[in-house]
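Participant: Just the structure for this:
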Amino acid sequence: MASVDDGDLGVLAGRYRLLEQIGRGGMGVVYRAHHDALHKTIAIKVLRDELIADHHALARFHQEAVAAANIGHPGIVNVTDFGTTDDGRAFLAMELLEGRDLAAVLAQQGALEASHAIALARKVLAPLRAAHQSGIIHRDLKTQNVFIYHDEERGEQVKLLDFGISKIVGDAIDVETGLTTQGAILGTPKYLAPEQAQGQRVDARSDIYAMGVVLYEMLTGSVPFSGESPLTVLYAHVNKAPESLRRRRPDLPISKALEAVALRALAKDPADRFQDAAEMDRALARVDPSRLRLPPVRAAAASGVSRRVIGAGLAVLLIAGLVWLFILREGPKPPPKAKATPALAVPVKRAAGVKTDATVTRDATAIAADAGIEGAKPRKPRKPRKPRKPRKPKTGKPKTGKPKTGVGSRVQDQPNPYETK
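Facilitator: Numbers count the residues shown, from 1 in each chain. Just a heads-up that it's a prediction; the model follows:
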């Protein structure tokens with residue numbers, strides 16, 4: 001096989017046909033490959049050329065395969081083979097994943113919604129807990145080693161990658177001896193726990209600190225500490241308190257409870273952090289807004305749209321409450337008075353010998369009485385009106401007396417047409 005660094009492809013170990021390069025890391029190059037015997041597409045990671053003579057690099061490369069195989073969790077990439085080529089190049093075969101790492105997602109989208117960040121963090125904590133229970137400390141947990149892919153049945157899922165510098169402890173497996181000299185610093189500076197940055201002993205709580213950095217980055221879009229040099233970053237991890245998430249991103253709806261979870265994971269003293277992945281997972285579950293049925297508000301809150309909608313809703317509720325209170329104070333309304341029976345213009349048929357089909361205006365009671373309906377009372381006839389007395393015509397006599405001074409004088413000065421002379 002040709003050099004893995006010059007881009008030439010071929011057949012590896014007589015059974016893996018390399019198709020294309022899909023990734024490159026500090027220790028190896030990753031290819032999409034086809035297993036000719038099993039007719040299956042897989043991923044092949046080959047140790048870089050410059051590390052072939054490095055026994056420590058070879059041991060760590062082998063350690064990655066051993067660690068993944070011993071954990072056996074669906075959240076950790078499944079390694080199916082390990083070996084060396086005829087020219088001494090080490091490789092490992094593993095399942096092929098279609099997706100992208102968390103670092104690429106954050107570079108494109110920026111900070112994630114709180115519920116999404118919590119969901120991803122909990123999916124990382126599950127395999128991390130399994131690794132710790134198997135006596136394996138990852139030591140290089142970062143967004144580049146969190147691979148996100150889509151499963152048709154389970155939706156968005158996570159795989160924890162790259163156990164190349166993991167620390168394996170316990171009686172059954174101990175390949176750490178001889179790989180790390182006393183005081184050596186392994187890992188990525190932006191994600192190192194303070195004890196790890198100082199070359200001290202690490203344990204599961206060191207991975208919890210790195211998980212706190214990942215959570216901080218998902219919620220704010222940036223890591224808590226950065227600088228021009230790795231030493232500047234390491235110094236900050238050891239000596240500086242991380243900035244409040246809510247202060248760094250006041251435009252995002254990060255709850256105080258969620259911020260407290262992230263900051264506790266970032267405690268300088270391991271004793272002040274979550275003591276294992278399970279404890280941190282439970283803390284995240286308690287502050288998950290999706291479990292509390294409180295959907296996060298993002299851009300709408302920043303523009304004030306949601307505030308206006310909420311204000312309008314509260315105003316409607318207030319008005320409705322005042323109307324209801326007014327109704328209660330006034331008490332029930334009395335029943336409405338019966339309306340007078342409307343007058344109807346109907347044709348009335350009378351008995352024989354009487355003129356018929358005369359249209360008169362009568363009310364319903366009178367109509368019922370004429371029709372002979374039982375219980376109906378006949379309407380009393382109206383009394384005839386007295387005729388008005390005719391007014392005597394004016395005589396045309398000129399007016400005399402005092403001039404008009406008011407209404408009374410006008411009435412007094414008028415002649416009485418009924419007065420006899």
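Participant: Which of the helices and strands in this protein ranks last by mean pLDDT?
Facilitator: Least confident helix or strand, the chain: helix 299-303 with a mean of 44, by mean pLDDT, DSSP states H and E.
Participant: To which secondary structure element type does Ala69 belong?
Facilitator: Three-state call for Ala69 (DSSP: H, G, I helix; E, B strand; the rest coil): helix.
Participant: which one is it nearest to, not counting chain neighbours?
Facilitator: In this structure, Ala69 finds its nearest non-sequential neighbour in Val79, 5.6 Å apart by C-beta to C-beta, 6 or more residues apart in numbering. C-beta coordinates here come from the backbone N, C-alpha and C atoms, glycine included.
Participant: does that neighbour have beta-bridge partners, and which?
Facilitator: Beta-bridge partners for Val79, by DSSP bridges, are Met94.
Participant: Return the residues in contact with Gly227.
Facilitator: Gly227 is in contact with 233, 236, counting by C-beta atoms under 8 Å, 6 or more residues apart in numbering.
Participant: Remind me which helix or strand it belongs to.
Facilitator: Counting by DSSP states H and E, no helix or strand carries Gly227.
Participant: which phi and psi does it have?
Facilitator: Per-residue torsions, Gly227: phi -170, psi 180 (degrees, to the nearest 10).
Participant: How many residues are close by Gly99?
Facilitator: Neighbour count for Gly99, taken as other C-beta atoms under 10 Å: 15.
Participant: Could you tell me which residues make contact with it?
Facilitator: Contacts of Gly99 (C-beta under 8 Å, 6+ apart): 147-150.
Participant: Mind checking which of these land in strands?
Facilitator: Under the assignment DSSP state E, the contacts of Gly99 contribute 147-150 to strands.
Participant: So which of these wins on neighbours?
Facilitator: Going by other C-beta under 10 Å, Phe147 tops these with 20 neighbours.
Participant: What does the pLDDT read for the residue nearest to Ala69?
Facilitator: In this prediction, Val79 carries a pLDDT score of 86.
Participant: and Leu141, what are its phi and psi?
Facilitator: Phi and psi for Leu141, reported as degrees, to the nearest 10, are phi -70, psi 120.
Participant: That one and Ile42, how far apart?
Facilitator: Using C-beta to C-beta, to the nearest Å, Leu141 is found at 25 Å from Ile42.
Participant: any idea which helix or strand carries Asp281?
Facilitator: Taking DSSP H and E as the definition, Asp281 sits inside helix 277-286.
Participant: Give me the helices and strands touching that helix, please.
Facilitator: In terms of contacts (3 or more C-beta pairs under 8 Å, 6 or more residues apart in numbering; DSSP states H and E), helix 277-286 is packed against helix 114-133, helix 204-220, helix 256-265.
Participant: In the longest one, which residues are buried?
Facilitator: Of the residues in helix 114-133, those scored as buried under the neighbour-count criterion (16 or more other C-beta atoms under 10 Å) are 114-132.
Participant: For whichever helix or strand comes after that helix, enumerate its sheet partners and note whether each is parallel or antiparallel.
Facilitator: Counting by DSSP H and E, the next helix or strand C-terminal to helix 114-133 is strand 136-137. Using DSSP bridges, strand 136-137 pairs in its sheet with strand 167-168 (antiparallel).
Participant: Skipping its backbone neighbours, what lies nearest Gly75 in space?
Facilitator: With sequence-adjacent residues excluded and distances taken as C-beta to C-beta, 6+ apart, Gly75 is closest to Pro127, at 3.1 Å.
Participant: what's near enough to touch the one you found?
Facilitator: Taking C-beta under 8 Å, 6+ apart as the test, what Pro127 contacts is 71, 73-76, 158-160.
Participant: show me where pLDDT drops low in the stretch 301-421 of the chain?
Facilitator: The model of the stretch 301-421 of the chain has pLDDT under 70 over residues 301-311, 316, 323-421.
Participant: try 50
Facilitator: For the stretch 301-421 of the chain, the stretches flagged by pLDDT under 50 are 301-303, 305, 341, 343-346, 348-351, 354-361, 407-408, 411, 421.
Participant: rewinding a little: show me which of the contacts of Pro127 are buried.
Facilitator: The neighbour count (16+ other C-beta under 10 Å) marks 71, 73, 75-76, 158-160 as buried among the contacts of Pro127.
Participant: returning to that earlier point: of the contacts of Pro127, which belong to helices?
Facilitator: Counting by DSSP state H, the part of the contacts of Pro127 found in helices is Ile71.
Participant: Between which two of the contacts of Pro127 is the distance greatest?
Facilitator: Across these, no pair lies farther apart than Ile71 and Val158, at 14.3 Å, counting by C-beta to C-beta.
Participant: got the contacts of Pro127 as TSV, with pLDDT and distance to Ile22 columns?
Facilitator: Output for the contacts of Pro127, formatted as TSV (pLDDT from 0 to 100; distance: C-beta to C-beta, whole Å):
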residue	pLDDT	distance to Ile22
Ile71	83	23
His73	88	23
Pro74	90	22
Gly75	91	21
Ile76	89	19
Val158	95	19
Lys159	92	15
Leu160	90	18
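Participant: Show only the entries of the contacts of Pro127 found in strands.
Facilitator: Among the contacts of Pro127, the members falling in strands (DSSP E) are 158-160.
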